[in-house]
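K.L.:
I would like to see how this sequence folds:
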Amino acid sequence: MSTLNKTAAERMASYDVHGCTDVTGFGLLGHASEMAKGSGVGLTVFKEKVPVMPRVRALAEEGFVPGGTKNNFAHLQGAVTFPGSMDQIDQWILCDAVTSGGLLISVAADQTDALLADLIEAGVEAHIIGETTSDHPGHIVVS
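P.N.:
The predicted structure is shown next:
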């Protein structure tokens, strides 16, 4: 949360980036939803691939869920399909309003691994957390 996006932005400039946003108060899925709607593609987000800070789940289980997170979740009704087995806390975590600007980058599929390696080499914490699809345009499916 204290790392600037400068290095990631510089590194991604040499790739075929289709879209990018910083993840702030609208949460990961809020920003991802805007990208999906704006581009007319569907997104699949792999919940197990999304990095989550230590103790986030424990704090949420204790009742520490910001109102903004709940608002983000409510705003996304109809725009996101969660698996039936995913509990409310995991859904809220993906909508968490307490975020501070990592980048969500959509890059050509044949460049994904190279960009990931380039970011990691530059010291940027980076993960592949999903993929675009022509199925369900403008919609997110969490798996």
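K.L.:
Would you point out which residue is most central in the chain?
P.N.:
residue 28 (3.8 Å; CA atoms, centre = their mean).
K.L.:
what residue ranges in the protein are flagged as low confidence?
P.N.:
Along the chain, the parts satisfying pLDDT under 70 run over 1.
K.L.:
any idea which helix is longest in it?
P.N.:
helix 27-39 (DSSP state H).
K.L.:
Please, where are all the helices along this protein?
P.N.:
Applying DSSP H to the chain gives helices spanning 6-12, 27-39, 56-61, 67-75, 88-94, 112-121.
K.L.:
Quick one: closest of those to residue 106.
P.N.:
Taking CB to CB, helix 27-39 is the member of the helices of the chain nearest to residue 106, at 6.5 Å. Backbone N, C-alpha and C define where each C-beta goes, glycine included.
K.L.:
Between the two ends of stretch 53-69, how far is it?
P.N.:
16 Å (CA to CA, to the nearest Å).
K.L.:
Thanks again, I'm all set now.
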